[in-house]
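[1] Fold the stuff below for me.
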Amino acid sequence: MSYMDPKKPEDLAFTRNFGIMAHIDAGKTTTTERILYYTGKSYKLGEVHDGDTVMDWMEQEQERGITITAASTTCEWKNHRLNLIDTPGHVDFTIEVERSLRVLDGAIVLFDGVSGVEPQTETVWRQADRYKVPRICFVNKLDRVGSDFFFCLNSIKERLGVAPLPLQIPIGIEEGFVGIVDLISKSALFWDGGKGENYTIGDVPGNLIELVNKHREELVERIVELDDGLLERYLSGEIIPVNDLKQALRKGVLALRVIPVLCGAAFKNRGIQPLLDAAVEYLPSPLDVGSVMGDFPLDPEKKIKCNIDFQEPVAALAFKISNDPFAGTLTYVRVYSGELKVGEQVLNPRENKKERIQKIVRMHANSRVEINYLRAGDIGAVVGLKFTGTGDTLCSPQRQVVFESIKTPEPVIAVAVEAKSSIDQEKMMLGLQKLVREDPSAKIKADSETGQTLLLGMGELHLEILIDRLNREYKIQANIGKPQVSYREAIYRESVGEYRYERVLGGEEAFAFVRLRVFSSEAPAGIITFNAGVIEQKFPKEFILAVENGLREGLDVGPLASFPMIHTSVEVLQIQWDSVKSSEMSFKAAAALALREALKHAESKLLEPIFKLEITSPESFIGNIVSDLNMRKGRILSMSMRGVVHVLQAEAPLGNLFGYATDLRSISQGRASFAMEFKEYSIIPQKSSAELLKTMGRF
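    The predicted structure is shown next:
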């Protein structure tokens, strides 16, 4: 059928590429399991607490009851093909959300019916804003004690800064939650238990008629404001048909002008079918997204337009790498134009290398179905690519294009990893390299002072999972050091440095001269520029690239304690070269040494990562929690009530938060919970900085 295997671009109107995202424990995986069941993709209802869900297939996910890696699948609903990605909710695995949103056309954002907007909800919402992803909201867990649909609506408005538009209201709440009222059609949907396959449509309960009329009137008024024609008809007294309301609402969602809100209880199998209907009715198809712009690899100023056309040269983005013990390397791709076929060669412009497409598969969590091609608008995986990494573009050699890559967060915590025997050392490094290739938010590096191998990640849980995978998947038993904070350095005084590189290497003279200034910058990654005088001299391009590479490598090693530099920019003021003696190597070295000279006089300071905390606790433990935070040099930002519990907003240095989960459980008898996410790097006070540098052996 055309909707499952589009034969022409118009058929893509029946395709939806969307993800499910939320804070941890909002019910993403449970909701996804229900979607798979009701669409006929799965024949049983998997439960997170039983460890038998389809999408949480990793051993680590099943043991911990959390999603660690984004899992994709394809199913069908009412003649539409749904390419669905279930993403993690834990902040340590935010890269999985980031790279999923980069290629998805729409998203369903889940909210816990008791908690409303939670810290990671805000993070994924900002990520969706950055990629301009249309979304609909689903208030889940309305069967829980303390759930409140209207509190969640207010939470969305206050904490996300948007005006939510409820399309449904619940019938009953907590144990009495039995169904929903669809405000557009003014019909009531009732579920009577079982697996939720069947529900009845009836009249709105009498006790809700007044409330339903009020919210429906507000709903219609907001929808007609999205369309001038409808507004005129409405003001003239015409009753707007349901189909016209839905069409106007769809346009509003696609234009990011409105955020529809639905409700239900996935665990009790209530509200999922209307959610699927809403995904089909309101989320975009690839045709709605339209053409995608990319850069020409040899000239970033030149833009390439890639259309949703099966006949165009192929262009695709690799957004995720996975190592399968049986299939080898799986590269997940989103195709934006043309057709990716088995047997053809494509170009990776970043590596400037060609890759042969040996096998293409459509994924269902960790199982695979082999297919012959992926067309524009489709998501799948390619087996066996050698050079392609996360964020790389694959394109036809006849039309080279590079798409915007994927933002990778910088790791903030590290542990030393050491193989238990010299025989395992090489095997361990190979395993670590595969893990890092798969997860770009993790990094490995050698400590220049100790010679140790450091594994860097986004948090304690992230590192714990990586080490566990190293043990299970690669059979490596390693000694693991204590967690270490990944500090940064920055300058607070402008400075100028220069270096004249004159050497005799291998009997040949080498020459290069670089003069530059360093200065503080708003951009965390720093910016490297060349002043007009340098540009006008038209130096060979390879020398310019060599200078940039030398500076980038130099900024990775700060003058205080060899931590990477942030908020530090460089302007190259002068370059001298010799047509015989100069080389890329000499300019790379001259740039790095000139930078070192400049940094000597630039007043560098040490910075530490600060994390935001949201702590939820009964009132009786608040005093002890605040005292503990004060001991950790934390700062209380606000305190509020959420139902019957207190919610503390705070921030604290990461170095003082190691083991906090265990300590909080002890303080609160296991009744408090918390979430944390990276906020910023902050200057360490001079006295603390000196003590820290002394412990590192830098003073």
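[2] didn't G271 look like it was pressed against G264?
    Yes: contact criterion CB atoms under 8 Å: G271 and G264 qualify, at 1.8 Å. Glycine gets a C-beta too; all of them are placed from N, C-alpha and C.
[3] Neighbour count for these two, which is higher?
    When G271 and G264 are compared for neighbours, G264 comes out ahead with 32 against 27, by other CB atoms under 10 Å.
[4] Which residues are in contact with each of G271 and G264?
    With contacts defined as CB atoms under 8 Å, 6 or more residues apart in numbering, the residues adjacent to both G271 and G264 are 138, 180.
[5] As a quick check, tell me the outermost residue of this protein.
    Most distant from the centre of the chain: G507, at 51.3 Å, with distances by CA atoms, centre = their mean.
[6] how close does that residue sit to A675?
    62 Å (CB to CB, to the nearest Å).
[7] and if you look at N372?
    To A675, N372 is 44 Å away according to CB to CB.
[8] ok, now P540?
    Going from P540 to A675 by CB to CB gives 52 Å.
[9] Then L347?
    The span separating L347 from A675 equals 42 Å under the rule CB to CB.
[10] And Q311, by the same measure?
    Spatial separation of Q311 from A675 under the definition CB to CB is 48 Å.
[11] Comparing those two, which residue is more hemmed in?
    For Q311 against A675, the residue with the higher neighbour count under other CB under 10 Å is A675, and the figures read 21 against 11.
[12] Let me know whether the more buried one touches E614 as I believe.
    Yes: A675 sits in contact with E614 when judged by CB under 8 Å, with a separation of 5.1 Å.
[13] List the residues that contact the nearest residue to L211 once chain neighbours are set aside.
    With sequence-adjacent residues excluded and distances taken as CB to CB, 6 or more residues apart in numbering, L211 is closest to I169, at 6.7 Å. Remark: with contacts taken as CB under 8 Å, 6+ apart, I169 is in contact with 149, 180-181, 183, 208, 211-212, 215, 263.
[14] Point out the ones among the residues you listed that are inside helices.
    For those, membership in helices holds for 149, 211-212, 215, with DSSP state H as the criterion.
[15] ok, which pair from these is furthest apart?
    Farthest pair in these (CB to CB) is F149 and V212. Separation: 13.1 Å.
[16] And L249, how far from L153?
    In this structure, L249 and L153 are 17 Å apart, going by CB to CB.
[17] who's more crowded, the two?
    A side-by-side neighbour count of L249 and L153, using other CB under 10 Å, places L249 first with 24 against 21.
[18] How much space separates the more buried one from L606?
    L249 sits 52 Å away from L606, going by CB to CB.
[19] Now do the strands in the stretch 351-500 of the chain.
    353-356, 359-364, 367-371, 373-375, 379-383, 393-395, 413-419, 443-446, 453-457, 478-480, 484-485, 488-491, 495-505 (DSSP state E, counting those that start in this stretch).
[20] what's the helix or strand for the residue most central in space within the chain?
    Nearest residue to the geometric centre of the chain (CA atoms, centre = their mean): E98, 1.9 Å. Per DSSP states H and E: E98 is located in helix 94-103.
[21] Return the helix or strand in the protein with minimum mean pLDDT.
    Sorted by mean pLDDT, DSSP states H and E, the helices and strands of the chain end with helix 59-64, the least confident at a mean of 62.
[22] I'd like the next helix or strand past it.
    For helix 59-64, the succeeding helix or strand toward the C-terminus, using DSSP H and E, is strand 71-77.
[23] Neighbouring strands of that next one in the sheet, and parallel or not?
    Its sheet considered, strand 71-77 pairs with strand 80-86 (antiparallel) by DSSP bridges.
[24] relative to strand 379-383, how tilted is the strand it pairs with?
    Here strand 80-86 runs at an angle of 60 degrees relative to strand 379-383 (axes from the mean of the first three to the mean of the last three CA atoms, to 10 degrees).
[25] what separates strand 80-86 from the chain centre, distance-wise?
    Taking the mean of its C-alpha atoms, strand 80-86 sits 18 Å from the chain's own mean (CA atoms, centre = their mean, to the nearest Å).
[26] try stretch 629-639
    A distance of 28 Å separates the C-alpha centroid of stretch 629-639 from that of its chain, computed with CA atoms, centre = their mean.
[27] and what of stretch 222-239?
    38 Å.
[28] how about stretch 183-203: buried residues?
    Of the residues in stretch 183-203, those buried by neighbour count under the rule 16 or more other CB atoms under 10 Å are 183-184, 188-189, 191, 196, 199.
[29] Show the average pLDDT along that stretch.
    Model confidence over stretch 183-203 averages 90 on the pLDDT scale.
[30] can you check stretch 157-164 too?
    Per-residue confidence for stretch 157-164 averages out to 92 on the pLDDT scale.
[31] Where does pLDDT dip in the stretch 401-550 of the chain?
    Across the stretch 401-550 of the chain, the stretches falling below the confidence threshold (pLDDT under 70) are 448-450.
[32] and if you look at the stretch 51-200 of the chain?
    The model of the stretch 51-200 of the chain has pLDDT under 70 over residues 51-68.
[33] ok, now with 80
    Counting by pLDDT under 80, the ranges of the stretch 51-200 of the chain that qualify are 51-70, 89-93, 193.
[34] So which of the strands of the stretch 351-500 of the chain is the most surrounded?
    Each of the strands of the stretch 351-500 of the chain was scored by mean neighbour count; the highest is strand 393-395, a mean of 26, by mean count of other CB atoms under 10 Å.
[35] just how off-centre is that one within its chain?
    Once both centres are worked out by CA atoms, centre = their mean, strand 393-395 turns out to sit 21 Å from its chain's centre.
[36] do stretch 528-544 as well
    Going by CA atoms, centre = their mean, the spacing between the C-alpha centre of stretch 528-544 and its chain's C-alpha centre is 36 Å.
[37] which parts of that stretch are buried?
    Result for stretch 528-544 [16+ other CB under 10 Å]: buried residues 528, 530, 534, 539, 543-544.
[38] need the helices for the stretch 201-350 of the chain, in chain order.
    209-224, 228-235, 242-254, 272-282, 286-289 (DSSP state H, counting those that start in this stretch).
[39] closest one to E174 among the ones you listed?
    The stretch from these with the least distance to E174 (CB to CB) is helix 209-224; that distance is 17.4 Å.
[40] pLDDT averaged over that closest one - what is it?
    The average of the pLDDT scores along helix 209-224 is 95.
[41] got it, and stretch 641-659?
    Computed over stretch 641-659, the mean pLDDT rounds to 87.
[42] mind checking the end-to-end distance for it?
    The first residue of stretch 641-659 is 26 Å away from its last residue (CA to CA, to the nearest Å).
[43] how far is that stretch from where the chain is centred?
    Going by CA atoms, centre = their mean, the spacing between the C-alpha centre of stretch 641-659 and its chain's C-alpha centre is 23 Å.
[44] Repeat that for stretch 544-558.
    Distance, centroid of stretch 544-558 to centroid of chain: 28 Å (CA atoms, centre = their mean).
[45] Can you list the buried residues in that stretch?
    By 16+ other CB under 10 Å, the buried positions in stretch 544-558 come out as 544, 546-548, 550-552, 554-555, 557-558.
[46] okay, the helices of the stretch 201-350 of the chain in TSV with distance to A589 next?
    What follows is the helices of the stretch 201-350 of the chain, written out as TSV (distance: least, CB to CB, whole Å):
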stretch	distance to A589
helix 209-224	63
helix 228-235	64
helix 242-254	53
helix 272-282	56
helix 286-289	46
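[47] out of those helices, which comes closest to K427?
    helix 286-289 (42.8 Å).
[48] distance of G459 from R469?
    In this view, G459 and R469 are 15 Å apart by CB to CB.
[49] what does S185 give?
    Noted for S185: a distance of 48 Å to R469, by CB to CB.
[50] next one: D556
    Distance from D556 to R469, by CB to CB: 26 Å.
[51] Ok, D228 next?
    Using CB to CB, D228 is found at 55 Å from R469.
[52] And these two? Which one has more around it.
    The neighbour comparison of D228 against R469 (other CB under 10 Å) goes to R469, with 21 against 9.
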